[in-house]
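Asks: coordinates only, sequence not included:
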């Protein structure tokens, strides 16, 4: 009962925050709406007893991506403000497509028999270990895991290359003209 | 009373029975108990802050050969109450052009970010946090504090506040990397993300296994709080005060209550991760004793933090970021790699041989690091001591090189 009430409350907050994120003209406030949505998502994971996913959600999406977005906004010229039209002129088409897809999904979700199944009961308290082992198990997900790692490494190297800007640097770091005080 | 000392959960059972006898349903009773628990966890630390403020002012005063607060009450113990009264009666100023909702949210988030750390902390055997993703939870809760600072800097419509927020966030994000890496070591040694399991695994304190990691954790935690060697978020000389320039009264006090509490909380966390948490003689029979032990250990570390604050000057921002990215992060990575490989070998050796093997590896890593740092320092250009240095000197005019067929 309490869980259902909490779910309703959080869902309501998430929908309102999502509206703020999409419609608010102030970009920083829009980002805060996005953060609230992501946070609500984490809370929903907690309600499903998926604590690891909840924490991963907060650390990755709020701790890293949202902060990156805020930084990017603050570095733009009109800090956080935008006067242009908020809606693209083709918005009725977007509404039709999004509404149609959402309606279809909802229709199939309601008819899907898996939705009626009750949860499997108590969650294994050691599921974090099981998850970790599955990630490095050759029978499990070691290949996708390693591919993702290589992808991230490539992004990291690319970022360093872009930031480097082709400078040639000798020694531990660039020497200053006045030499000394640092 | 004896039953309470042996098993504090009788208190909860008693409350549950009381609420049920009032005619509440089981689900509602559970909810009320959770709310009460949350209320206690939030209020207890906030009340403790009142003492911390007095203690810190007194301790820092002694370090600086002053008396500190000594007028209001015995030893000035009532000074924080007088301060709070003053802050409450101050005019609450909201600057022109401030983003009001975010301006209000920032101080609340700042305190909430610290208070959120407390539910994960195991206070004794069977008391307090028993979260199976405890370490991740701590890291996740830490991100709220970063948001509080960003919001405070942005919403006060002040360029100095914004600048301070930028560089503070740069600092906090940089120092989160070595912190997470170093926290892997207790997790690795205990084979669990649960803080309660980490405490239970410390038959020998982890500070004996990996003293270097404990040291890095302490340094990085101080940086995360923004305490004195790393207190760039409030540099009076360069950016007036920092991200909280525009705040006054209780809102300003919230930021500071959050900071003081955070400083004490990192003491507690260091105790949990490296100093055996609530473990001590008799703590597994009388769990309430565990709270006392944890508190004592945490306070000891907190005292060290205050000590560092009273004796060290502020570090420059570029030095600080270099220190994190070029020194602490590689060192933490090395420690984790060495620890992980070594632990696979020595895990079956019994408690003390395993601890000593890890200790030996740490000593080797420390010595190699010192040699590397020395070699690096020798290659640095240095100003000659005693030579007069002109304030301005002619710079060789550097022409931008035309990009010729590269």
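Replies: Yes, it's here. Note that the structure is predicted; figures quoted are calculated from it, not measured. Residues are numbered from 1 along each chain as shown, chains lettered A, B, ... in the order given.
Asks: grab the nearest non-local neighbour of residue B:46.
Replies: Nearest residue to residue B:46, sequence neighbours excluded (Cβ to Cβ, 6 or more residues apart in numbering or on different chains): residue B:257, at 6.7 Å. Yep, even glycine has a C-beta here, placed from its N, CA and C like the rest.
Asks: low-confidence ranges in chain B?
Replies: B:1-6, B:233, B:235-239, B:383, B:389-390, B:393-406 (pLDDT under 70).
Asks: what segments of it are strands?
Replies: Defined through DSSP state E, the strands belonging to chain B, from first to last, are B:122-124, B:127-128.
Asks: pairing partners for the last one, with directions?
Replies: Going back to what we said before, that points to strand B:127-128. The partner list of strand B:127-128 in its sheet, established with DSSP bridges, is strand B:122-124 (antiparallel).
Asks: distance between the partner strand and the chain's centre?
Replies: From the chain centre to the centre of strand B:122-124 is a distance of 18 Å (Cα atoms, centre = their mean, to the nearest Å).
Asks: and residue B:361, what does it touch?
Replies: Taking Cβ atoms under 8 Å, 6 or more residues apart in numbering or on different chains as the contact definition, residue B:361 lies against B:338, B:339, B:342.
Asks: the second one is in contact with residue B:185, isn't it?
Replies: Yes - using Cβ atoms under 8 Å, residue B:339 makes contact with residue B:185 at a distance of 5.3 Å.
Asks: neighbour count: the two, which is higher?
Replies: For residue B:339 versus residue B:185, neighbours defined as other Cβ atoms under 10 Å in any protein chain shown are more numerous around residue B:185 (28 against 23).
Asks: and the residue lying closest to the more buried one once chain neighbours are set aside, how many neighbours?
Replies: If the residues on either side of it in the chain are set aside, residue B:185 comes closest to residue B:213, at 4.5 Å by Cβ to Cβ, 6+ apart. A count of neighbours around residue B:213, defined by other Cβ under 10 Å, yields 29.
Asks: cool, residue B:119 as well?
Replies: In terms of burial, residue B:119 registers 17 neighbours under the definition other Cβ under 10 Å.
Asks: from memory it sits against residue B:129, does it?
Replies: Yes - counting by Cβ under 8 Å, a contact exists between residue B:119 and residue B:129, whose distance comes to 5.6 Å.
Asks: nearest residue to the residue most central in space within chain A other than its sequence neighbours?
Replies: For chain A, the residue sitting closest to the mean C-alpha position, by Cα atoms, centre = their mean, is residue A:61 at 3.7 Å. Beyond its immediate neighbours in the sequence, the residue positioned closest to residue A:61 (Cβ to Cβ, 6+ apart) is residue A:38, lying 4.5 Å away.
Asks: could I get the contacting residues of the one you found?
Replies: Under the criterion of Cβ under 8 Å, 6+ apart, the contact partners of residue A:38 comprise A:57, A:58, A:61, A:62, A:66.
Asks: buried among the residues you listed? Make that a PyMOL selection.
Replies: This is how PyMOL selects the buried members of those, with burial counted by 16 or more other Cβ atoms under 10 Å in any protein chain shown:
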select buried, chain A and resi 57+58+61+62+66
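Asks: which secondary structure elements does the top helix by length along chain B sit against?
Replies: Ranked by number of residues, the top helix in chain B under DSSP state H is helix B:26-63. Secondary-structure packing of helix B:26-63 (3 or more Cβ pairs under 8 Å, 6 or more residues apart in numbering or on different chains; DSSP states H and E): helix A:2-23, helix B:9-21, helix B:79-89, helix B:100-115, helix B:249-274, helix B:287-311.
Asks: cool, thanks, signing off.
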